[in-house]
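K.L.:
here's my sequence, what's the structure:
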Amino acid sequence: MINIAIGFANQYGTGASPTISINGSNTIAEVHQSQSHQTLWYQVATMEGCYPSYGSSHEFDKGKLPCIALNDSNIVVEVHESSGAKTNVWYHVGIVNPSDKTISWGDSHNYDKGLKPKVALNNHGVAVEVHESDGLSTNMWYHVGEVNASDKTVGWGSSHKYDTGSTPSVSINNNNLAVEVHQSDGPSTDLWYHVGVVNTSGKTIDWGPSHQYDSGSLPAVALLDNGLVIEVHKSQTYSTLWYHIGQVNEASKTIDWIFGSKQYSDGGNPCVCANSNLVAETHTDGSKLMSSASLITDRANWMGLSKDVIGQKSLKHIIMPASHDASMYEVNHCTSFASFGANACNTQTQTQSYLAQLNNGIRYFDVRPVIYEGELWTGHFNKSPFLGCNGPRLATALQDVNQFIQNKFELPILKFSHYLNRDNDASDFTEIQMEELIQSVISHVGNYLYKEDLPLADTPLADMVAGGGRIIAVFDGLSDALHDQYKSQGIYRYADYPGSTAADLTVYDKYSGTNSLETMVTDQLKKMNTASNHGGDLFLLSWTLTQDDAQAIACGAHLGESIIKMAGTANAVLWKHMVEQFNQGHITPEKTPNLLYHDDAQGFATDVAIWLNNGGNFDEYHQ
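P.N.:
This is a model prediction of the structure:
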């Protein structure tokens, strides 16, 4: 299923009311208002993968609430309100220079009266603008115009009332199809959309009826040429940001929403833009301007979609997203110590089930089995003092994997370690208990286990999934007897590198053990750039932050920063550092970060892996 993975945003400036637009060359134009004055500013960014590299901020006019639209000819149209108490709305036309990240602006032109204008532009130079009435009226109006790039003007048609409401936003594609979204007028927080067909000769739009699709505030929308719709909005109550994905039905002028709204960040003033491959968003966090981007793709099938690039490569030369403490998307049966206890704040590392993580593209799972009241669970525990929580039952996780792998050409890896028997003073598993674990794995996913007598890390991916999707199951601490007994059924031995040479899969896996982002990044990149660390089968880049004792104790008292909150800080900078490392020549076939290991695995690291596997681009990736 097509989805996006926006949300782990980076700050690119300060200001208020940002809007953003992207063209087919992955150039971004952004405008915003000063956070303290009624001055207008712009920035231009170029995308490397899904990392927007912004240029300097430039003041270009006075006013309020700007909005910008950009097309493939690097033409931009910007609209805004007058500064002060006036209700005039104005436009600029400009030409973007991506090489120096500047815009050459034409003059400012008054084209109407109104409030909160928004604008969209396609590659034919057709512009659509929407705004609220000035004064007490709740009417909303639109203009259709044609851009004249030579004199940097727009030939606008008449203003047409099309509905009542507030905060309208609009997008137009190259088929002259338009989608508009807005909030109800008055106290209602309902969100509504229209689908319309633009008549360029008459400069009118034949709108379909208004349809309510959600509740919220400040909606924004992007429309692709294939009819895909991406909508973002803020909660009507909280500072949370949400998105929808849908498909336009042009005949009925409706949108078929693919699933319900999903939260992607916290903040305000959301805006979204997209081209055929990428979606980018901007929002505010106080006076901080924040931005993130992602592929528009089916991450559940990313390996199959990448077969032309990675099909003949072995795991040693493939980069995959990996989930740390993969089971800890829920917490159950937590322990306590003195007056403090374990809870989600200090044990939860993930926010989505195994099935959701698999659909997000995760292909390496850190599975930690726990025996509790005679059953196999999963968990996250500290042994001294003994604190932690169970995750879901192991059967639940394995059922997700079994459901996912059917009719796929994907290769997830399940790594079992950190065995814990809560029924026997937190001891390790006995040989009998290890065999019970193995039999549970075989009973749930045995039909899809990889069972060939071929080296796990040296066999081409295409050969491993030639008969359909397969699962690699590796077990840390597996005895010789169990290894010999079950290897033919797809049960393999795991070991950390450097360590045992008798293992079927060896992985360099050393976390930084710090809550400092700077320290973690420096440490992990140093480990990645050290050639001797790549002598095993795979190298794991442990992009995780670890709570110190004070933080974990504060969590026990329901205070402090959670693991999930800390993960957001680390996740937000992965794209930046992987782009830098690749551009500096540090990521090579000899020094490959095979496993991008992280908390709160929502799909963004899948995009990083795809980009790196494709040699620093998305050109050969067949979405």
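K.L.:
quick check: Ser488 touching Glu452?
P.N.:
No - counting by CB atoms under 8 Å, Ser488 sits too far from Glu452 to count as a contact (10.0 Å). Bear in mind the C-beta positions are built from the backbone N, C-alpha and C, glycine included.
K.L.:
give me the neighbour count for the residue lying closest to Thr87 once chain neighbours are set aside.
P.N.:
What sits nearest to Thr87 in space, not counting adjacent residues and going by CB to CB, 6 or more residues apart in numbering, is Asp134, at 3.5 Å. Asp134 has 16 neighbours, counted by other CB atoms under 10 Å.
K.L.:
ok, now the one 5 residues further on?
P.N.:
Using other CB under 10 Å, Asn139 has 16 other residues around it.
K.L.:
backbone dihedrals for it, please?
P.N.:
Backbone torsions of Asn139, given as degrees, to the nearest 10, read phi -70, psi 150.
K.L.:
ditto for Leu482
P.N.:
Dihedral angles (degrees, to the nearest 10) for Leu482: phi -70, psi -40.
K.L.:
do you know how far it is from Ile432?
P.N.:
Counting by CB to CB, to the nearest Å, the gap from Leu482 to Ile432 is 10 Å.
K.L.:
picking up where we left off before, quick check, the residue nearest to Thr87 in a strand?
P.N.:
No - counting by DSSP: H, G, I helix; E, B strand; the rest coil, Asp134 is located in no strand; its state is coil.
K.L.:
give me the local confidence score for it.
P.N.:
Model confidence at Asp134, expressed as pLDDT, equals 89.
K.L.:
run through the protein and note the low-pLDDT ranges.
P.N.:
337-339, 623 (pLDDT under 70).
K.L.:
and the residue sitting furthest away from the middle of it, what does it touch?
P.N.:
What lies farthest from the middle of the chain is Ala481; by CA atoms, centre = their mean that is 43.3 Å. Counting by CB atoms under 8 Å, 6 or more residues apart in numbering, Ala481 makes contact with Glu431.
K.L.:
buried ones in the one helix or strand it maps to, by neighbour count?
P.N.:
Per DSSP states H and E: Ala481 is located in helix 480-486. By 16 or more other CB atoms under 10 Å, the buried positions in helix 480-486 come out as Leu482, His483, Tyr486.
K.L.:
ok so, going back, in terms of neighbours, single out the busier of Ser488 and Glu452.
P.N.:
Each of Ser488 and Glu452 has its neighbours counted (other CB under 10 Å); Glu452 has more, 13 against 9.
K.L.:
and the more buried one, that's in a helix?
P.N.:
No - going by three-state DSSP, the assignment for Glu452 is coil, not a helix.
K.L.:
pretty sure it sits against Ala466.
P.N.:
No - assessed by CB under 8 Å, Glu452 is found out of contact with Ala466, at 9.6 Å.
K.L.:
all helices for the stretch 201-350 of the chain, in order.
P.N.:
302-305, 307-310, 344-347 (DSSP state H, counting those that start in this stretch).
K.L.:
from Lys313, how far off is Pro455?
P.N.:
Counting by CB to CB, the gap from Pro455 to Lys313 is 14 Å.
K.L.:
looking at the two, which is more packed in?
P.N.:
Lys313 (16 against 13).
K.L.:
that one and Leu289, how far apart?
P.N.:
Distance from Lys313 to Leu289, by CB to CB: 39 Å.
K.L.:
and if you look at Ser56?
P.N.:
The gap separating Ser56 from Leu289 is 13 Å, by CB to CB.
K.L.:
with neighbour numbers in mind, choose between the two.
P.N.:
With neighbours defined as other CB under 10 Å, Ser56 and Leu289 compare such that Leu289 has more, 29 against 12.
K.L.:
wait, the more buried one sits on Thr19?
P.N.:
No - with contacts counted by CB under 8 Å, Leu289 stays clear of Thr19, the gap being 10.8 Å.
K.L.:
shared neighbours of these two, anything?
P.N.:
Common neighbours of Leu289 and Thr19 (criterion: CB under 8 Å, 6+ apart): Glu30, His32, Thr282.
K.L.:
give me phi/psi at the nearest residue to Ser292 once chain neighbours are set aside?
P.N.:
Spatial nearest neighbour of Ser292, excluding adjacent residues (CB to CB, 6+ apart): Ala9 at 4.0 Å. Main-chain torsions, Ala9, degrees, to the nearest 10: phi -90, psi 150.
K.L.:
mind listing what Ala9 touches?
P.N.:
Going by CB under 8 Å, 6+ apart, Ala9 touches Ser265, Gly267, Glu281, His283, Asp285, Met290, Ser291, Ser292, Ala572.
K.L.:
and the residue lying closest to Gly135 once chain neighbours are set aside, how far from Ser36?
P.N.:
Closest residue to Gly135 apart from its sequence neighbours, by CB to CB, 6+ apart: Thr87 at 7.5 Å. To Ser36, Thr87 is 22 Å away according to CB to CB.
K.L.:
between the two, tell me which one has more neighbours.
P.N.:
Each of Thr87 and Ser36 has its neighbours counted (other CB under 10 Å); Thr87 has more, 16 against 10.
K.L.:
filter the contacts of Ala9 to the buried ones?
P.N.:
In those, the ones that pass as buried (16+ other CB under 10 Å) are Ser265, Gly267, Glu281, His283, Met290, Ser291, Ser292, Ala572.
K.L.:
so the fourth one bridges to which residues?
P.N.:
What that stands for is His283. With DSSP bridges as the criterion, His283 is bridged to Met290.
K.L.:
please apply the same query to the first one.
P.N.:
Using DSSP bridges, the bridge partners assigned to Ser265 are Leu241.
K.L.:
list the contacts of it.
P.N.:
Ile6, Gly7, Phe8, Ala9, Thr240, Leu241, His283, Met290, Ser292.
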